[in-house]
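> need the 3D shape of this:
(2 chains)
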There are 2 protein chains.
Amino acid sequence: MSDFALFCPAPLGERERVLMAHGGGGRLMRELIEGLFAARLKPQHETDAATLAAGGARLAFTTDSFVVRPIFFPGGDIGSLAVHGTVNDLAMAGAEPVALSAAFILEEGLEMETLRRVVDSMAQAAQRAGVRIVTGDTKVVERGHADQIYITTTGIGVLAHDGELAPGRAAPGDEVVLSGDIGRHGMAVMSAREGLTFESEIVSDSAPVHREALGLLENGVRVHCMRDLTRGGLASAVIEIARAAGVRVELDEARIPVREDVRAACELLGFDPLYVANEGRFVAFVAAGEGERAAALLPGGAVIGKVLETGAGAVTLRSLIGAARVLDLLSGEQLPRIC
Amino acid sequence: MSDFALFCPAPLGERERVLMAHGGGGRLMRELIEGLFAARLKPQHETDAATLAAGGARLAFTTDSFVVRPIFFPGGDIGSLAVHGTVNDLAMAGAEPVALSAAFILEEGLEMETLRRVVDSMAQAAQRAGVRIVTGDTKVVERGHADQIYITTTGIGVLAHDGELAPGRAAPGDEVVLSGDIGRHGMAVMSAREGLTFESEIVSDSAPVHREALGLLENGVRVHCMRDLTRGGLASAVIEIARAAGVRVELDEARIPVREDVRAACELLGFDPLYVANEGRFVAFVAAGEGERAAALLPGGAVIGKVLETGAGAVTLRSLIGAARVLDLLSGEQLPRIC
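Presented below is the predicted three-dimensional model:
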């Protein structure tokens, strides 16, 4: 149906309706969040995790629903992804993950063995990440009212740092550090979904990154903000930070690691790896002069750009041949239901 | 499809599969939670909210997905229900609700106006309950892979009492206090779903109960456990407590308030009001001699039974004509997708 919608946008009638792109991490999702959700609920929507004080504790709190299709893919599944995604959102706020909840919406007829595999995978992922799943919920809907299984995980973390991490804190002089190669999660899911085989199997990068991210803070790196690269990929994450801070960011394409097999698969299918989803990668904006030290603390870390002047929030990519192009939010995700 | 499943349980093939009843709050859901989820995730599954220490605070943490059909019904909608349900789960743990998250799974093609109404309703419900929705998420799935909108809310609360509230604490001598009349939510949703009209419109009891519930604790009532009456209704909630504590509970049917219109609608449709879902009612098990005082603190409160001897966990209903019948968990919910 999503492909259909791509080619036939017209017949939705006169009323405004939700489109696949509203969930895609791009411009339409931003408009939905700002125009509808934030206007009514007034959440802290600058970051994926809210921070709050409760009972004397400084906490981070974040939620994500996972609807990835297919539910099993090279390097992971919807269960491990649901754990990693929420652990990572907590870490991006500078919080040590403490506890997760897991709410399941199951489609009638789902094989119990499939559910067992997914829940086993969640349990393993939680154990590896050092976080407990302490509470949950189960709902079942009729056949044709879900797609096997949807999982919503919500996390509580304890803020592990004194300063505030926020996109608005990115400032001229900051260096942009990327934690590893990009594009693997999106291409792994795509290959599983379409039954494609490339020369080598592309495995998702889905992983918890809290130890790496909190390691920067523990080592005294002056981090201004962090963001994990999920829907919309590296480009969308950096654009959102640039806009929130009202700064121009320049990225250097030559320094952005993309594996050859991922690059080849992207070219074959017409995707731009800068916009392909990742589930185990993040960017950190760190104070001037701290980039190389931060990158050295991250396996696969690289300084990929810097914050230039204040002004309109924008991101420029300096390409391999020296040309500069402005990166903008796509209207939606190149690959719907990637997480 | 759910009705179909009721009459044709056979053709599911040889593999074990998820049935509608697995989400129904009855025996099959209990088996799924204990046999699959709890065995793997080891959550605290005695109560709907987990309690944990984080950053020096004593917190309650709870999550629920809402898949109610239809999404608007007399007295509420999926948005207000999603707020009340999670606020109430926190209150049942004796916690003051502090913050909620809201994760949306939207079906492609949902009218934006419908989404606005639901989110407005959530915002109002949150404001009335005195709780903030601080973070959220949005996913969109293709047409036919959801049913308009599913919402998962997760709540953090601060434990407002010193003692532990847990089903296992129910003890011989305890009195069972019910906070108001039962059966309205289920019958309100049923009437909206099937387009039934009764003599008077039955309006859902969906409401936050945290002020009433915490009021018992603030007034020094010695509460051993509380539970809100959602899927599976009053009977299922009391049965679960009786089993957890290993005690026999006797309920007095004459003392259980059911409105005449609700009773008539239940009789017409063949439902037992004891098993019909509520979304603004709870039971409190309080120490011997404290029942009447507790009931007087609750608008519509009534002492409906007491805990007898320790032994096998069981619930007996003393009927209007004096006969006793044993109440048992139904295999599933009489009304699927009630919340």
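> paired strands for the helix or strand that contains residue A:97, with orientation please.
Here residue A:97 sits within strand A:95-107, counting by DSSP states H and E. Strand pairing for strand A:95-107, determined by DSSP bridges: strand A:132-141 (parallel), strand A:149-159 (antiparallel).
> do you know which of these lies nearest residue B:213?
Residue B:213 sits nearest to strand A:132-141 of all the strands paired with strand A:95-107, at 18.2 Å, using Cβ to Cβ. All C-beta atoms are positioned from the backbone trio N, CA, C, and that covers glycine.
> mind naming the longest helix for chain A?
helix A:112-129 (DSSP state H).
> give me the contact list for it.
When contacts are defined by Cβ atoms under 8 Å, 6 or more residues apart in numbering or on different chains, helix A:112-129 is touched by residues A:71-72, A:76-80, A:82-84, A:87, A:97, A:100, A:102, A:106, A:132-133, A:148-149, A:151, A:208, A:210, B:15-18, B:36-37, B:40-42.
> just the ones of those in helices?
A:78, A:79, A:80, A:82, A:83, A:84, A:87, A:210, B:40, B:41.
> where does the stretch 101-250 of chain A get nearest to chain B, which residue?
Ranked by Cβ to the nearest Cβ, the top residue of the stretch 101-250 of chain A for proximity to chain B is residue A:140, at 3.1 Å.
> residues near that residue, how many?
29 (other Cβ atoms under 10 Å in any protein chain shown).
> that one is in contact with residue B:336, isn't it?
Yes - between residue A:140 and residue B:336 there is a contact at 7.5 Å, judged by Cβ atoms under 8 Å.
> can you work out which residues contact both of those two?
B:20, B:21, B:23, B:24.
> for the third one, what are its contacts?
In other words, residue B:23. A:106, A:138, A:139, A:140, A:141, B:29, B:231, B:332, B:333, B:336, B:337.
> by pLDDT, rank the residues you listed and give me the bottom one.
pLDDT across the contacts of residue B:23 is lowest for residue B:333, at 76.
> Three-state assignment for that one, please.
coil (DSSP: H, G, I helix; E, B strand; the rest coil).
> wait, isn't residue A:257 in contact with residue A:182?
Yes - between residue A:257 and residue A:182 there is a contact at 7.0 Å, judged by Cβ under 8 Å.
> the two: who's more crowded?
residue A:182 (27 against 17).
> how far away is that one from residue A:263?
Relative to residue A:263, residue A:182 is positioned 10 Å away (Cβ to Cβ, to the nearest Å).
> now residue A:293
28 Å.
> okay, those two: which has more neighbours?
Between residue A:293 and residue A:263, counted using other Cβ under 10 Å, residue A:293 has the larger neighbour count: 17 against 14.
> what's the nearest residue to residue A:281 if we skip its chain neighbours?
Nearest residue to residue A:281 in three dimensions, chain neighbours excluded: residue A:229, at 4.7 Å (Cβ to Cβ, 6 or more residues apart in numbering or on different chains).
> which residues touch the one you found?
Residue A:229 touches A:182, A:237, A:277, A:278, A:281, A:282, A:283, counting by Cβ under 8 Å, 6+ apart.
> now the buried members of those residues.
Buried members of the contacts of residue A:229, counted by 16 or more other Cβ atoms under 10 Å in any protein chain shown: A:182, A:237, A:277, A:278, A:281, A:282, A:283.
> report pLDDT for the third one.
With respect to pLDDT, residue A:277 has a value of 96.
> again with the one 3 residues further on
Confidence per residue is given as pLDDT, and for residue A:280 that number is 98.
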